[in-house]
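1. 3D model of this:
(one chain, ligands or ions: 1)
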Amino acid sequence: MVSMIIRDATHADLGAILEIHNAAIRDSLAIWTEEEADLADREAWLADHEAVGHPVLVAEVEGRVAGYAAYGPWRSKTGYRFTVENSVYVHDDFQRRGIGRALMVELIERARAAGIHVMVAAIEAGNAGSIAMHRALGFEEPVVLREVGTKFGQWLDVAFLRLELSSGPPM
Ligand SMILES: CC(C)(COP(=O)(O)OP(=O)(O)OC[C@H]1O[C@@H](n2cnc3c(N)ncnc32)[C@H](O)[C@@H]1OP(=O)(O)O)[C@@H](O)C(=O)NCCC(=O)NCCS
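-> As a prediction, this is how the structure comes out:
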């Protein structure tokens, strides 16, 4: 595993986060939009997370932001308040060196400490690498909804994976 620092993101990281985010939009099926974001969009995204205490983490390798992870509400109605949806992205240059896993280990710890009961990953069903990483972290077997999305002229299936973080009744 590469030597890295996992820490909370700051506004100074947003340029690097934007680069990773837009590469995923351009070149992959991981984010279901074909419209790239700008810095103002990422500023608003970080501010939204900070306003409600939801973490945005970055992995720093030799002073470079190599990846990031975050969670936000899974669905908006209050009954879903103990469930979050995670996202995790690692720059192409840094993949398969333990960075995604390290980001997720810290993100899961933060969610547990915040009293979150369930984390859900929503992954394009053909993304075997991401599904394998989440399964290795303890997420349950995927539940697949077929053809609920589209990008690059094809239907896309979403795989939902669930990780339970706590036991006991809701508080
Ligand atoms: C998915 C992603 C976050 C994984 O991050 P990463 O830093 O490359 O993954 P890690 O090195 O931490 O891998 C951890 C484990 O996940 C599994 N894994 C990761 N990538 C894999 C791949 N391409 N194929 C198979 N297994 C893979 C392995 O079990 C791996 O452990 P190992 O290397 O000891 O075998 C990264 O590849 C990525 O950003 N991909 C593009 C965007 C994306 O798909 N994001 C997720 C959207 S939900």
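2. what about the closest residue in space to residue 121 that isn't next to it in sequence, which SS state?
-> Distance criterion C-beta to C-beta, 6 or more residues apart in numbering; nearest residue to residue 121, sequence neighbours excluded, is residue 161 at 4.5 Å. C-beta coordinates here come from the backbone N, C-alpha and C atoms, glycine included. Put simply, residue 161 is strand when judged by DSSP: H, G, I helix; E, B strand; the rest coil.
3. my guess is residue 161 contacts residue 136, does it?
-> No - with contacts counted by C-beta atoms under 8 Å, residue 161 stays clear of residue 136, the gap being 11.2 Å.
4. what about these two, which has more around it?
-> residue 161 (21 against 11; other C-beta atoms under 10 Å).
5. separation between whatever residue of the chain ends up closest to the ligand and residue 150?
-> Nearest residue of the chain to the ligand, counting by C-beta to the nearest ligand atom: residue 100, 2.3 Å away. Applying C-beta to C-beta, to the nearest Å, the value for residue 100 to residue 150 is 26 Å.
6. same deal with residue 68?
-> 26 Å.
7. Between those two, which is the more surrounded one?
-> More neighbours surround residue 68 than the other of residue 68 and residue 150, with 25 against 11 (other C-beta under 10 Å).
8. Convert the one helix or strand that one maps to to CSV, retaining C-alpha atoms only.
-> Following DSSP states H and E, one finds residue 68 within strand 64-73. In CSV, the C-alpha atoms belonging to strand 64-73 read as follows (Å, rounded to 0.1, in the frame of the first residue of the first chain):
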residue,chain,number,x,y,z
ARG,A,64,-1.2,15.4,-4.4
VAL,A,65,-4.9,14.6,-4.0
ALA,A,66,-5.1,11.0,-5.3
GLY,A,67,-8.7,10.4,-4.5
TYR,A,68,-11.7,11.4,-2.4
ALA,A,69,-14.7,9.9,-0.7
ALA,A,70,-17.9,11.3,0.8
TYR,A,71,-21.3,10.4,1.9
GLY,A,72,-24.7,12.2,1.7
PRO,A,73,-28.3,11.4,2.4
